[in-house]
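A.B. asks: 3D, please:
(one chain, ligands or ions: 1)
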Amino acid sequence: MRLILIGPPGVGKGTVSALLQQRLGLITLSSGEIFRREIEAETDLGRLAQRYIQHGELVPNGVTIEMMAKRLRDPAVVRHGFVLDGFPRTVKQAEALDEILFNHGIDLDKAVSMEVPEDIVVARLSGRIGCTKCGAIYNSASHPPKREGICDVCNSPLFVRDDDKPETVRERIRSFWTNTAPVIEYYESTGSLMRVDASKDPESTYAAITAA
Ligand code: AP5
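C.D. replies: Okay, here's the model as predicted:
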């Protein structure tokens, strides 16, 4: 299965892609997570990405497309199937992805638009906590870790993302509507779009995607 998850910040893309990875063996490629690893490793790409991410802006298309094209060249990704979380986020990135898939001789199965009212995403982001090591995602209200501040999966410390500050969240939501909403129309026009109500629990969203 080859899927794209599209949706505003905090809609639950990372949470659902983790379920798809654990249960169906799909390889998750999260552009945001890859950027955060580059920032942590203090690479040139990480330093560049940080300048945009800290303000809630998109990292430029050129470096983002190159970074994702490199991951998509991995034969394991082509063989096992994948979930793209957070990419493509602009129409230019969507066109580049079409070309990458065409060159590999593979098709996309579905572009999933995860949809929730804005007040829900803001509430979800205000409680998000993530693992510094394995990337597991928690929420202080809806999905707290068993021990405060410690990851259930790998016992590493948990952290709050810098870009989850309210003013940065506002900018990320604005960027979603300006840059990424047209990507939903793009996939609607190609016939691969599927809309999912993501306002319920993650299991319901997972079930809706896998049923389709
Ligand atoms: P990225 O990391 O992709 O952030 P995002 O798209 O803003 O999405 P989030 O990771 O914030 O949310 P999510 O939808 O994954 O929700 P989650 O599952 O964590 O990107 C970060 C930045 O990198 C961007 O702003 C940009 O600067 C840059 N970037 C990334 N990709 C780029 C690209 N392609 N081009 C250019 N720049 C790019 O869930 C959120 C919270 O809600 C958690 O606490 C979770 O436990 C909880 N939750 C999830 N689902 C549910 C549910 N159903 N019910 C209750 N709680 C839930």
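A.B. asks: S142 contacts L125, doesn't it?
C.D. replies: No - taking contacts as CB atoms under 8 Å, S142 lies outside contact range of L125: 11.9 Å. Yep, even glycine has a C-beta here, placed from its N, CA and C like the rest.
A.B. asks: higher neighbour count, the two?
C.D. replies: Remark: of S142 and L125, L125 carries more neighbours, 23 against 13, as counted by other CB atoms under 10 Å.
A.B. asks: next up, phi/psi of the closest residue to the more buried one other than its chain neighbours, please.
C.D. replies: The shortest distance from L125 to any residue other than its chain neighbours is 3.9 Å, reached at G10 (CB to CB, 6 or more residues apart in numbering). Here is the backbone geometry of G10 (degrees, to the nearest 10): phi 80, psi 0.
A.B. asks: give the contact list for G10.
C.D. replies: Residues counted as contacts of G10 (CB atoms under 8 Å, 6 or more residues apart in numbering) are V121, V122, R124, L125, R128, V169.
A.B. asks: tell me which element the closest residue to the ligand within the chain falls in.
C.D. replies: Of the residues in the chain, the one nearest the ligand is G32, at a distance of 1.9 Å by CB to the nearest ligand atom. Under the assignment given by DSSP states H and E, the secondary-structure element containing G32 is helix 31-40.
A.B. asks: and that helix, C-alpha only, in CSV?
C.D. replies: As requested, the backbone C-alpha atoms of helix 31-40 are provided in CSV (Å, rounded to 0.1, in the frame of the first residue of the first chain):
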residue,chain,number,x,y,z
SER,A,31,9.3,15.0,6.4
GLY,A,32,8.9,16.8,9.7
GLU,A,33,10.6,14.0,11.7
ILE,A,34,13.4,13.8,9.2
PHE,A,35,14.0,17.5,9.5
ARG,A,36,14.0,17.3,13.3
ARG,A,37,16.7,14.5,13.2
GLU,A,38,18.8,16.7,10.9
ILE,A,39,18.4,19.6,13.3
GLU,A,40,19.4,17.4,16.2
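A.B. asks: chain center to the helix or strand that that helix is followed by, what's the gap?
C.D. replies: Where DSSP H and E defines the elements, the next helix or strand beyond helix 31-40 is helix 44-53. Taking the mean C-alpha point of helix 44-53 and that of its whole chain, the gap between them comes to 17 Å (CA atoms, centre = their mean, to the nearest Å).
A.B. asks: which residues touch the closest residue to the residue of the chain closest to the ligand other than its chain neighbours?
C.D. replies: In space, G32 comes closest to G86 once its chain neighbours are excluded; the distance is 4.8 Å by CB to CB, 6+ apart. Applying CB under 8 Å, 6+ apart, we find G86 in contact with L5, K13, S30, S31, G32, E33.
A.B. asks: residue numbers of the protein in contact with the ligand?
C.D. replies: Counting by CB under 6 Å from any ligand atom, the chain comes close to the ligand at 7, 9-15, 31-32, 35, 52-53, 56-59, 64, 86-87, 89, 93, 124-125, 127-128, 137-139, 142-143, 163, 172, 201-202, 205.
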